[in-house]
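*Asks:* A structural model of the following input is requested.
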Amino acid sequence: MGPRLLCPEHLLAACVLTGMDSVCVTLEDGPRELPVGPSEASFTETLSQNCTGPAGPVTQTEIVRPVQLGNDAEGWSFVAKPGVEPFISVSWDQGTVTRATVRSVDADTLRDLGRSRTFLAAEDIRHVVSHGRYRGLAESCDWVRVVPRADLCRPDHLLESARHKMYDLIGDLAVLGGVPKGSIHAANPGHRRNEILRKTLEQNLLPPGPDPSE
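*Replies:* Okay, the predicted model is just below:
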């Protein structure tokens, strides 16, 4: 089996946030040239330090109609509204919230998003193994931190989890042409839920008009 990119949504999020709308990625055998884990420089830091592009992130579409999705039984929801700037807010467990006005994302935000990890309770490892997901977890160890269940509620862990979920959401929406203009508020998002939002937004987007500053 040849080389694989285990977290394509992280690379896509980095491209969006650093303003890259045309990218060719080549995977080759041999030493890695791009660091891929938060223990090293993140994709966002690597790209922002070695590439030139526009001042802001990629924004090629805009939300034109309000969208509300959710499932009360599972405790998740999305609210998307029209707006003049791309804005994302993510809440994760117990009300921990991370926000970003994506148009004006700064270097510190890029670093914090790019180095954020997702967390897994050590008590759930057996369940993960029984569902055949352990191999992927082991290969993505740079992005996953296993802690005792009681530690999942630590404020710093919750904040890092929220940042990671925002990073995932930006990457999952990248195929829409970057982050759409408008506001998106997500409660407990995940890849499957992000896909529902993406498919719904596809029916409620249009290309943005000309930039009046140009």
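
*Asks:* got the end-to-end distance for stretch 185-195?
*Replies:* Chord length of stretch 185-195, first to last residue, is 15 Å (CA to CA, to the nearest Å).

*Asks:* most residues in a single helix of the protein, which one?
*Replies:* The residue-count maximum for a helix in the chain (DSSP state H) belongs to helix 155-172.

*Asks:* What residues sit buried inside that helix?
*Replies:* Residues 157-172 are the ones in helix 155-172 that count as buried (16 or more other CB atoms under 10 Å). Heads up, the C-betas are built off the backbone N, CA and C, glycines and all.

*Asks:* which residues of the chain fall in helices?
*Replies:* Here the chain has its helices, by DSSP H, at 8-17, 43-50, 107-114, 125-130, 134-139, 155-172, 191-201.

*Asks:* can you tell me which of the ones you listed the model trusts least?
*Replies:* Among the helices of the chain, helix 134-139 carries the lowest mean pLDDT, at a mean of 54.

*Asks:* returning to what we had before: which one among the buried residues of helix 155-172 gets closest to Ser22?
*Replies:* Ser22 lies nearest to Gly171 out of the buried residues of helix 155-172, by CB to CB, at 16.8 Å.

*Asks:* these two touch, right, that closest one and Leu17?
*Replies:* No: counting by CB atoms under 8 Å, Gly171 stays clear of Leu17, with 9.4 Å between them.

*Asks:* Would you mark the buried spots in stretch 171-183?
*Replies:* Gly171, Asp172, Leu173, Ala174, Leu176, Gly177, Gly178, Val179, Pro180, Lys181, Gly182, Ser183.

*Asks:* re the thing from before, packing partners for the longest helix of the chain?
*Replies:* Other helices and strands packing on helix 155-172, by 3 or more CB pairs under 8 Å, 6 or more residues apart in numbering; DSSP states H and E, are helix 8-17, strand 86-92, strand 96-101, helix 107-114, strand 118-121, strand 182-187, helix 191-201.

*Asks:* Output these as JSON lines; include the columns distance to Glu74.
*Replies:* Below are the helices and strands packed on helix 155-172 laid out as JSON lines (distance: least, CB to CB, whole Å):
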{"stretch": "helix 8-17", "distance to Glu74": "21"}
{"stretch": "strand 86-92", "distance to Glu74": "14"}
{"stretch": "strand 96-101", "distance to Glu74": "18"}
{"stretch": "helix 107-114", "distance to Glu74": "25"}
{"stretch": "strand 118-121", "distance to Glu74": "18"}
{"stretch": "strand 182-187", "distance to Glu74": "10"}
{"stretch": "helix 191-201", "distance to Glu74": "8"}
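
*Asks:* list the buried ones in stretch 113-128?
*Replies:* For stretch 113-128, by 16+ other CB under 10 Å, it's Leu113, Gly114, Arg115, Ser116, Arg117, Thr118, Phe119, Leu120, Val128.

*Asks:* can you tell which of the helices of the chain is closest to Val67?
*Replies:* Comparing the helices of the chain by CB to CB, helix 191-201 comes nearest, at 5.6 Å.
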